[in-house]
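predicted model follows, preceded by the sequence.
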Amino acid sequence: MAQALDDAALATLFGDAHSYTRWQDKAVDDALLRRLYDTLKWAPTGANSQAARFFFVKSPEAKERLKPALDAGNVKKAMTAGATVIVAADFEFHEHLHKLYPVAPDARSWFAGKPQAIEFAAMRDATLQGGYLIAAARALGLDCGPMGGFNRALVDAEFFVGTQYRSIFLVNLGYGAPDGHHPRNPRFEFDEACRIL
């Protein structure tokens, strides 16, 4: 049964959390990235598809491969972050459902040969997992800077040749500089965004 987090924990995950654009010169340990995945992997996905694939771009060589695909305003952000995660969707996720969703032996047939169903489920579930990545990273003491300003075709051609992976968005990870975020922008109030029916 779920237990409510205290206000301090909620503030870490949401209220006090910001999207960072500037970073301290501090490495993100590989062991922490493994712990991050082991935390976020429990995100719910349709038919337990686990369609997301995460590529942690850390080394100088890997960052140079990513750099040409970044919008100009995002180059410094990514090059100075401890790691940049390429959040991608596996468009062959259904080939693993026999392992991941054994309660339905025919689950592969729900998607095989149905490109619209594959695209919808892959993008939805991988994006959901990407959101969990951000929450898990914050819970583990990392700051985040999600980004959409990049050329997806270039990223896919550079990192995903020979696969059915397609990039969705990027998340810079690391330890944010004290002045590394903008003031919080407005949010809709409950009555502007929600209805209780």
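Received it, and whenever you're ready, just let me know what you need. What you see is a predicted model, and the numbers here were worked out from it, not measured in a lab. Numbers count the residues shown, from 1 in each chain.

state the mean pLDDT of stretch 125-144.
The average pLDDT for stretch 125-144 rounds to 98.

and for stretch 180-197?
On average, stretch 180-197 scores 95.

that stretch: end-to-end distance?
In stretch 180-197, first residue to last residue: 40 Å (C-alpha to C-alpha, to the nearest Å).

what's that stretch in contact with?
Under the criterion C-beta atoms under 8 Å, 6 or more residues apart in numbering, residues 18, 19, 20, 21, 22, 23, 143 lie in contact with stretch 180-197. Using the backbone N, CA and C atoms, a C-beta is placed for each residue, glycine as well.

could you point out the longest strand in this structure?
Longest strand of the chain, by residue count under DSSP state E: strand 165-174.

immediately after that one, which helix or strand?
For strand 165-174, the following helix or strand on the C-terminal side (DSSP states H and E) is helix 190-193.

can I get that following helix in PDB, CA atoms only?
Only the C-alpha atoms of helix 190-193 are listed here, as PDB (Å, rounded to 0.1, in the frame of the first residue of the first chain):
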ATOM      1  CA  PHE A 190      -6.600  23.300 -10.100                       C
ATOM      2  CA  ASP A 191      -9.800  24.800 -11.500                       C
ATOM      3  CA  GLU A 192      -8.000  25.900 -14.700                       C
ATOM      4  CA  ALA A 193      -6.600  22.400 -15.500                       C
END
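
what separates residue 138 from residue 105, distance-wise?
From residue 138 across to residue 105, the span is 38 Å (C-beta to C-beta, to the nearest Å).

if anything else comes up later, I'll come back, but that's it for now.
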